[in-house]
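>>> Let's see this in three dimensions:
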Amino acid sequence: MWLLHGLADPTLPFNQSQPVYDATTAAGNEARFTLVPGARHSRDDIIEADEATTWATNPGGHQTETVGPGPSWDEIEQFIAAALF
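Modelled structure (predicted):
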C-alpha cells in the first residue's frame, strides 16, 4: 500500500493516513507513506511535487525515510507492478 497525502488537505486530515500505514506495516506488509507540504486533496498537488517526505517499511519491518520530490507516475507504477508480481 502507498498512502499519498497533502498536509493542506481540507477534505481529509493527513493524520488519518498514519493509522492505516501503522496497521499495514504492523501486520508485516510493505507500505509507503508520503506527505507533501502545501498539497491539498488533489493528485496534481502530490505527483512530482517539489517537496515530499516518504516513509517506506519493508515486510521485515525496516523503515526508511526519504526527503525529496513527490513521487512520479513511473514510481507509482513500479510500486504497483512489484506488489502484483
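
>>> okay, CA-based contacts and neighbour counts for the rest of this
OK.

>>> Show me what stretch 58-77 is in contact with.
The contact list for stretch 58-77, computed with C-alpha atoms under 8 Å, 6 or more residues apart in numbering, reads 25-26, 28-31, 34, 36, 46-57.

>>> how about 7 Å then?
Contact with stretch 58-77 is made by 25, 28-31, 46-57, as judged by C-alpha atoms under 7 Å, 6 or more residues apart in numbering.

>>> Endpoints of it, how far apart?
18 Å (C-alpha to C-alpha, to the nearest Å).

>>> Show me how far that stretch is from its chain's centre.
When C-alpha coordinates are averaged (C-alpha atoms, centre = their mean, to the nearest Å), stretch 58-77 and its chain have centres 7 Å apart.

>>> Please state the mean pLDDT value computed over that stretch.
The pLDDT scores in stretch 58-77 average 95.

>>> re the thing from before, and the contacts of stretch 58-77, which of them are in strands?
A31, A52, T53, T54, W55, A56, T57 (DSSP state E).

>>> The second one against V36, yeah?
By that I understand A52. Yes: using C-alpha atoms under 7 Å, A52 is in contact with V36, at 4.5 Å.

>>> Brilliant, that's me finished.
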